[in-house]
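[1] with the sequence up front, the predicted model follows.
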Amino acid sequence: MTRFVIGMAFLLGIGLGIAGGAGPAASPDAATLQAVAAKAQALEARLIETRRHLHMYPELSNREFETSKFIAERLRALGLDEVRTGVAKTGVVGILRGNRPGPVVAVRADMDALPVEETIDVPYKSRNPGVKHACGHDVHMTVALGTAEVLVQWKREGRPLPGTVVFIFQPAEEGPPPGEEGGASLMIREGVLDQPRVQAIFGLHSAPFLPVGTVAYTEGPILASADRFEVIVHGKQTHGAYPHQGIDPIYVGSQVVVNLQAILSRQLDPREPAVVSVGVFQAGNRFNIIPGDARLEGTVRTLNEETRRRIPVLMEQIIRGITEAYGATYEFRYEAMTPVTVNDAALARAMVPALQKLLGADRVIRTEAQMGAEDFGFYAQQIPGFYFWLGVRAPEDPTVRMLHTPEFDADERSIGVGVRAMTTLVLHYLGQAGK
């Protein structure tokens, strides 16, 4: 198996054991893979139309009203046994019950877009000014809808489908607006994993650094936690010509920015990945006035929950010491947002052989952990799961158009690959866990 490392080589994961934690289960037979591939191929043109519709009408977090209606209508038209709307504000849940007893597995897709102005000139360019599916969530939803349609056909044809599949279309993965709740944590609180009780969950993410036809995964931590902090330094305003008559919060804040990096280089084990980044530094309104206050805002990323708990304590020690040394005071706020996303090792080992048989061993890449974040980690805290990267870069184009940028786009050939991969994982899990 190739080991993949790229500047921003992501990694996704989750946790669950199959067959009591036994060794890898037998991968799907050739006939099953051929049938899945044929069904996905037959749907390809329609799924591309679906993706383009979703891409043209993106909606921001907790405002996915039309997207929610569109998804619910599609699921009802497919004939799922149950479709719930209004979950965690705009979320949609579809339930497909199999034709024989078995476990319950979930497929999760995120729905929200980003406040990014689209700059690429394509027929499906965003028609909502200032909003774009710049993180591939339109692809994620389309793959989940395609997987649902293949499995509905599978059941109608009398093919074995033990257990139940829960399709989770989640709003606000990018984070709810200030003052609102939303995302995976709210979906969980509203019972998305309990009715019926889900035993494992799968998800994927568009990967512009991987060519179409490949996927990447890891065992253990895959994506970092993401927390937010705010520091307000209170000094004493004075004339810029007389700094000794005041307390300069810009200077004090600058010392805070510099010294926070000592946490990573001198207080944590250097083998433990962590990031402390200041993204906002606001102070003053005139060139010759030293202001009274300065405001810092930033993010903390870790791959270890113990490190995650330790960093804010170390941060405040530094902030307190520096402000006291210069006669300033401070306010410090720390918001724990998204946990580390962790791949369950047993589930990963059980699922990877199925992907290898589907795509080829050289196209299923074991990668490194990434300091980006995903609220899929909340599901992975509750039940085992498996989250993988889906290559969306055109193989003939070496340019990486990164996520969250105006130039990002997905090669639509990736949709069929995603449907085949996700359907295979679901069938493999249900078939093996049901034995």
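    Received the coordinates, thanks. Numbers count the residues shown, from 1 in each chain.

[2] which residues of the chain fall in helices?
    For the chain, helices defined by DSSP state H occupy the ranges 30-56, 65-78, 137-156, 184-189, 249-260, 262, 305-325, 345-359, 376-382, 413-433.

[3] what are the phi and psi angles of the most centrally placed residue in the chain?
    Among the residues of the chain, the one closest to the centroid is Glu374, at 3.1 Å (Cα atoms, centre = their mean). Dihedral angles of Glu374 (phi, psi; degrees, to the nearest 10) stand at phi -150, psi 130.

[4] how much space between the closest residue to Arg228 other than its chain neighbours and Leu390?
    Leaving aside its sequence neighbours, Arg228 sits nearest to Glu335 (Cβ to Cβ, 6 or more residues apart in numbering; 4.6 Å). For the C-beta atoms, the positions are set from N, CA and C on the backbone; glycine is no exception. Glu335 sits 30 Å away from Leu390, going by Cβ to Cβ, to the nearest Å.

[5] who's more crowded, the two?
    Leu390 (25 against 11; other Cβ atoms under 10 Å).

[6] residues in contact with Val116?
    Gly130, Val131, Lys132, Ala134, His404, Thr405, Pro406 (Cβ atoms under 8 Å, 6 or more residues apart in numbering).

[7] buried ones in stretch 103-119?
    By neighbour count on 16 or more other Cβ atoms under 10 Å, the buried set for stretch 103-119 is 103-114, 116, 118.

[8] return the helix or strand in the chain with minimum mean pLDDT.
    Every helix and strand of the chain was ranked by mean pLDDT, DSSP states H and E. The lowest is strand 3-4, at a mean of 32.

[9] what's the domain layout of the protein?
    Following automatic domain parsing, one gets these domains for the chain: 3-224+340-433, 228-338.

[10] least reliable of the ones you listed going by mean pLDDT?
    In terms of average pLDDT, domain 3-224+340-433 trails the rest of the domains of the chain, at a mean of 92.

[11] chain center to it: distance?
    Chain-centre distance of domain 3-224+340-433: 10 Å, with Cα atoms, centre = their mean, to the nearest Å.

[12] mind checking how far the residue nearest to the residue nearest to the centre of the chain when sequence neighbours are not counted is from Glu368?
    Leaving out its chain neighbours, the residue that sits closest to Glu374 by Cβ to Cβ, 6+ apart is Leu223, at 4.9 Å. Here the criterion is Cβ to Cβ. By it, Leu223 lies 11 Å from Glu368.

[13] which one of those two has more residues nearby?
    A side-by-side neighbour count of Leu223 and Glu368, using other Cβ under 10 Å, places Leu223 first with 30 against 16.

[14] beta partners of the more buried one?
    Under the criterion DSSP bridges, Leu223 forms beta bridges with Thr341, Gln370.

[15] correct me, but it touches Thr341?
    Yes: using Cβ atoms under 8 Å as the test, Leu223 is close enough to Thr341 to be in contact (4.0 Å).

[16] list the buried ones in stretch 380-399?
    Neighbour-count burial for stretch 380-399 flags 380-394 (criterion: 16+ other Cβ under 10 Å).

[17] from Gly321, how far out is Glu305?
    26 Å.

[18] next: Glu331.
    16 Å.

[19] and if you look at Arg310?
    As judged by Cβ to Cβ, Arg310 and Gly321 stand 17 Å apart.

[20] more neighbours: which of those two?
    Arg310 (17 against 12).

[21] quick one: contacts for the residue nearest to the more buried one when sequence neighbours are not counted?
    Nearest non-adjacent residue to Arg310, counting by Cβ to Cβ, 6+ apart: Leu268, 7.7 Å away. The neighbours of Leu268, taking Cβ under 8 Å, 6+ apart as the test, are Ala274, Thr307, Arg310, Ile311.

[22] try it again with 10 Å
    Ala262, Ala274, Val276, Thr302, Asn304, Thr307, Arg310, Ile311, Leu314 (Cβ atoms under 10 Å, 6 or more residues apart in numbering).

[23] narrow these to those that are buried.
    Ala274, Val276, Thr302, Asn304, Thr307, Arg310, Ile311, Leu314.

[24] how many residues are close by the closest residue to Gln245 other than its chain neighbours?
    Among residues not flanking Gln245 along the chain, Thr238 sits closest, at 4.5 Å (Cβ to Cβ, 6+ apart). Counted by other Cβ under 10 Å, the residues lying close to Thr238 total 17.

[25] wait, isn't Thr238 in contact with Gly284?
    No: taking Cβ atoms under 10 Å as the definition, Thr238 is not a contact partner of Gly284, at 11.8 Å.

[26] list the contacts for the closest residue to Arg51 other than its chain neighbours?
    The spatially closest residue to Arg51, leaving aside those adjacent along the chain, is Thr142, at 4.2 Å (Cβ to Cβ, 6+ apart). Shown in contact with Thr142 (Cβ under 10 Å, 6+ apart): 43, 46-55, 74, 109, 136, 410, 412, 414-415, 418-419.

[27] buried subset of the residues you listed as a ChimeraX selection?
    Of these, the buried ones can be selected in ChimeraX as follows, counting by 16+ other Cβ under 10 Å:
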select :43,47,48,50,51,52,54,55,74,109,136,410,412,414,415,418,419
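
[28] would you map the strands across the stretch 101-250 of the chain?
    162-170, 200-211, 215-217, 220-223, 226-234, 238-239 (DSSP state E, counting those that start in this stretch).

[29] bridge partners for Thr329, pull those for me.
    For Thr329, the beta-bridge partners are His234 (DSSP bridges).

[30] my guess is it meets Ala294, correct?
    No: assessed by Cβ under 10 Å, Thr329 is found out of contact with Ala294, at 11.9 Å.

[31] these two - which one has more neighbours?
    When Thr329 and Ala294 are compared for neighbours, Ala294 comes out ahead with 24 against 15, by other Cβ under 10 Å.

[32] how near is that one to Ile311?
    On the measure of Cβ to Cβ, Ala294 and Ile311 end up 21 Å apart.

[33] please apply the same query to Pro395.
    Applying Cβ to Cβ to Pro395 and Ile311 gives a distance of 40 Å.

[34] ok, Asn304 next?
    Asn304 is 10 Å from Ile311, by Cβ to Cβ.

[35] which neighbours do those two share?
    Joint contacts of Asn304 and Ile311 (Cβ under 10 Å, 6+ apart) are Ser225, Leu268, Ala274.
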